[in-house]
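Asker: everything below, folded, please.
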Amino acid sequence: MLPTREEAEKILKEAESCNPGPWGNHSRVVAHCAEKIAARCQGMDSRKAYIVGLLHDIGRKFGVRHLGHVSDGYSYMMSLGYDEAARVCLTHSFNNQTTRDYIGRFDTTEEELNMIQTELERLEMDDYDRLIQLCDSLAGAEGVLDIEERMEDVRRRYGSYPEEKWNSNLRLKREFEERMGENIYQVVDKEHFRP
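Answerer: Got it, this is the predicted structure:
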């Protein structure tokens, strides 16, 4: 289940009031990119893509956490009955379905980490999981970024970027471009879109 677009936008606004920061606009850029790409991919729902993109980082509502934002977002969306959004809160940081290539601090409790690992093992990644992983690697708070520049920025901030995850993001970009038959940066209006 998912909230409506309007409900999702309200949820994000309210969350930003609890923990202001650039993550809100980053989420809007992810949602924009996801909607535009899904609209050009047969069999995908651009409305769903926008909503799950908008809410992928909603766990940041609860404060500054690294891996903890994943479990916070998943638990929060599940508590509201939005299992489809909860799923993407969980999967967006794990292109290769493992916590081994997580970038950032492991600031979860043992129980939270076990929940993340158990749920990741249980599911099969779908188009929306992969799309939000891709869009997360394209989105800055100020607009759409070149994917390699975005990953390099993350590497500078955190000190590393796993090669497997880097390659996975580039592979996702190629796969979605092939599926659309278009350049991803033109589809998402990289040069002009601002949140």
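
Asker: would you mind measuring from the nearest residue to residue 94 once chain neighbours are set aside to residue 160?
Answerer: Closest residue to residue 94 apart from its sequence neighbours, by C-beta to C-beta, 6 or more residues apart in numbering: residue 120 at 5.9 Å. Where you see a C-beta, it was placed from the backbone N, CA and C, and this is true even at glycine. Per C-beta to C-beta, to the nearest Å, residue 120 is found 21 Å from residue 160.

Asker: with neighbour numbers in mind, choose between those two.
Answerer: Taking neighbours as other C-beta atoms under 10 Å, residue 120 and residue 160 compare with residue 120 leading, 18 against 10.

Asker: touching the helix or strand hosting residue 151 from outside, list them.
Answerer: Applying DSSP states H and E as the criterion places residue 151 in helix 147-158. With C-beta atoms under 8 Å, 6 or more residues apart in numbering as the contact definition, helix 147-158 has outside contacts at 103-104, 137-140, 145, 161, 166, 169-170, 173.

Asker: what mean pLDDT does the helix or strand following it get?
Answerer: Downstream of helix 147-158, the next assigned helix or strand under DSSP H and E is helix 163-180. Averaging pLDDT along helix 163-180 yields 96.

Asker: this protein: helices as residue ranges?
Answerer: Per DSSP state H, the chain carries helices over the ranges 5-18, 23-39, 46-55, 68-79, 83-91, 110-122, 127-136, 147-158, 163-180, 184-187.

Asker: for residue 99, find the nearest of these.
Answerer: helix 110-122 (6.0 Å; C-beta to C-beta).

Asker: and that closest one, what does it pack onto?
Answerer: Judged by 3 or more C-beta pairs under 8 Å, 6 or more residues apart in numbering; DSSP states H and E, the packing partners of helix 110-122 are helix 68-79, helix 83-91.

Asker: neighbours of the closest residue to residue 71 other than its chain neighbours, how many?
Answerer: Once flanking residues are discounted, residue 71 sits nearest to residue 112: 4.0 Å by C-beta to C-beta, 6+ apart. Counted with other C-beta under 10 Å, the neighbours of residue 112 add up to 19.

Asker: cool, residue 20 as well?
Answerer: 9.

Asker: which residues touch residue 68?
Answerer: Counting by C-beta under 8 Å, 6+ apart, residue 68 makes contact with 59, 62, 107-108, 112.

Asker: of those, which is the most crowded?
Answerer: residue 59 (25 neighbours).

Asker: and the gap between the nearest residue to that one once chain neighbours are set aside and residue 91?
Answerer: Spatial nearest neighbour of residue 59, excluding adjacent residues (C-beta to C-beta, 6+ apart): residue 73 at 2.9 Å. Residue 73 is 11 Å from residue 91, where distance means C-beta to C-beta.

Asker: just the residues contacting stretch 77-95, thanks.
Answerer: With contact meaning C-beta under 8 Å, 6+ apart, stretch 77-95 is reached by 1-3, 8, 11, 48, 51-53, 55-59, 67, 70, 73-76, 97, 101-103, 116, 119-120, 123, 125, 128-130, 132-133, 136, 165, 168-169, 172.

Asker: mind doing that once more with 6 Å?
Answerer: If you take C-beta atoms under 6 Å, 6 or more residues apart in numbering as the criterion, stretch 77-95 is touched by 1-3, 52, 55-56, 59, 70, 73-74, 102, 119-120, 129, 132-133, 136, 165, 168.
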